[in-house]
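[1] Whatever this is, show me its structure:
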Amino acid sequence: MLWDFVPLITASFASAALALTITKGSIFWPLRSWLAQKSKLLGHSFGCAFCMLHWTALVFVLLTKAYVAVGFFVAWFFVVGLGFLIVSAILALNPMDGNERQNLIYLVHELKKRLEKYE
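    Here you go, the predicted structure:
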């Protein structure tokens with residue numbers, strides 16, 4: 001019975017890592033910025049680690065078929081719950097300081113100026 005949760009725990013760590021990469025990683029900054037301009041809902045979803053965690057958890061639960069032992073919804077929300085604890089711990093250990101906020105504001109301002117050139 002305990003071994004049935006190993007795929008779920010693995011999926012939780014993978015989901016948390018992917019959700020943080022999409023919502024906080026600089027590689028996805030252009031995508032998040034573009035989506036925020038196109039749709040308020042998508043912009044929020046791609047900027048919120050908890051929101052994105054639901055979708056990444058769904059993907060990993062379906063890919064790993066981890067739901068076979070405990071049921072689909074139990075597996076999905078187990079992965080979301082544990083993933084949330086992982087994301088919360090990572091964000092608590094690495095908070096954004098004032099300089100990072102200023103850099104982020106500057107990047108947003110510069111990106112807006114560059115996008116206005118193409119309109």
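[2] just the helices in this structure please.
    6-24, 29-38, 40-45, 49-64, 72-93, 98-117 (DSSP state H).
[3] got CSV for those, with mean pLDDT too?
    CSV is the format used below for these (pLDDT from 0 to 100):
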stretch, mean pLDDT
helix 6-24, 91
helix 29-38, 87
helix 40-45, 85
helix 49-64, 92
helix 72-93, 89
helix 98-117, 70
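[4] Save these as a markdown table, and put in mean neighbour count too.
    The C-beta positions use only the backbone N, C-alpha and C, and glycine is treated the same way. Shown next, in a markdown table, are the helices of the chain (neighbours: other CB atoms under 10 Å):
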| stretch | mean neighbour count |
| --- | --- |
| helix 6-24 | 19 |
| helix 29-38 | 15 |
| helix 40-45 | 14 |
| helix 49-64 | 19 |
| helix 72-93 | 17 |
| helix 98-117 | 10 |
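[5] any idea which residue sits dead centre in the chain?
    Ala19 (2.2 Å; CA atoms, centre = their mean).
[6] Phe50 versus that one, what's the distance?
    8 Å (CB to CB, to the nearest Å).
[7] Check Ala66 too.
    Counting by CB to CB, the gap from Ala66 to Phe50 is 20 Å.
[8] Spit out the contact partners of the spatially closest residue to Val80 that is not a sequence neighbour.
    Once flanking residues are discounted, Val80 sits nearest to Ala57: 4.7 Å by CB to CB, 6 or more residues apart in numbering. With contacts defined as CB atoms under 8 Å, 6 or more residues apart in numbering, the neighbours of Ala57 are Ala11, Ser12, Ser15, Trp76, Val79, Val80, Gly83.
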